[in-house]
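**Student:** coords please:
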Amino acid sequence: MSISGECKARKDVVMIWVNFCKNYLASFAAKDIDSLNDFYDDDTVIEDYGVVSVGRDSILDDHKIFFENLKSISIEVQNAAYNNKLIFIKFSMKLIHIDLREEVVDIVNVVTIGDNGKIKHLKFYRG
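**Tutor:** Residues are numbered from 1 along each chain as shown. Model prediction:
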């Protein structure tokens, strides 16, 4: 394979995983529990501002509780990078609560992809 071919192959891999994360965020914004289920493994770990959830079922239960208090979620991806099954994705998330209060949060997620192509570990940072 030529150097330009290797670069194209690398770019294709990067886009696959960046798009994976964008699809994950779209499912989250849609509050689509069934779709989110497909992104997690049985032993996925999420660290969200000091709160740690372990396992798909626990994570989805946490999402359901979070979603109950929200009328809508919108996400705007600002930047993304990938290296060796590690994705960094920066986005702005606008939350509209059921009382119509609005909140905008800037977030950086660091996502580790497992060998099975699912999220192995996800850590949130306020950006």
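**Student:** Show me what counts as buried in stretch 82-89.
**Tutor:** For stretch 82-89, burial by neighbour count (16 or more other CB atoms under 10 Å) applies to 82, 87-89. From N, CA and C alone the C-beta is placed, and that goes for glycine too.
**Student:** same question, stretch 35-42
**Tutor:** Using 16+ other CB under 10 Å as the test for burial, stretch 35-42 gives 36, 39-41.
**Student:** Which other helices and strands does the longest strand anywhere in the chain contact?
**Tutor:** Secondary structure assigned by DSSP state E gives strand 70-83 as the longest strand of the chain. Secondary-structure packing of strand 70-83 (3 or more CB pairs under 8 Å, 6 or more residues apart in numbering; DSSP states H and E): helix 3-29, strand 86-97.
**Student:** What is the subsequent helix or strand relative to the shortest one?
**Tutor:** Using DSSP states H and E, the next helix or strand after strand 86-97 towards the C-terminus is strand 102-113.
**Student:** for the record, mean pLDDT for the helix or strand just after that next one?
**Tutor:** Counting by DSSP H and E, the next helix or strand C-terminal to strand 102-113 is strand 119-126. Strand 119-126 shows a mean pLDDT of 95.
**Student:** repeat for stretch 33-41
**Tutor:** For stretch 33-41, the mean per-residue pLDDT is 97.
**Student:** now it, how far from the centre of its chain.
**Tutor:** For stretch 33-41, the separation from the chain centroid amounts to 11 Å (computed by CA atoms, centre = their mean, to the nearest Å).
**Student:** Just the residues contacting it, thanks.
**Tutor:** Contacts to stretch 33-41, defined as CB atoms under 8 Å, 6 or more residues apart in numbering, come from residues 24, 27-28, 56, 59-60, 63-64, 67, 114, 116, 118-120.
**Student:** can I have that stretch written out in PDB, keeping just the CAs?
**Tutor:** The C-alpha coordinates for stretch 33-41 follow below in PDB (Å, rounded to 0.1, in the frame of the first residue of the first chain):
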ATOM      1  CA  ILE A  33     -32.900   4.200  25.100                       C
ATOM      2  CA  ASP A  34     -33.200   1.300  22.600                       C
ATOM      3  CA  SER A  35     -30.600   2.800  20.300                       C
ATOM      4  CA  LEU A  36     -28.300   3.700  23.200                       C
ATOM      5  CA  ASN A  37     -28.400   0.100  24.400                       C
ATOM      6  CA  ASP A  38     -26.500  -0.900  21.200                       C
ATOM      7  CA  PHE A  39     -23.600   1.400  22.000                       C
ATOM      8  CA  TYR A  40     -22.800  -0.100  25.400                       C
ATOM      9  CA  ASP A  41     -21.200  -3.400  26.400                       C
END
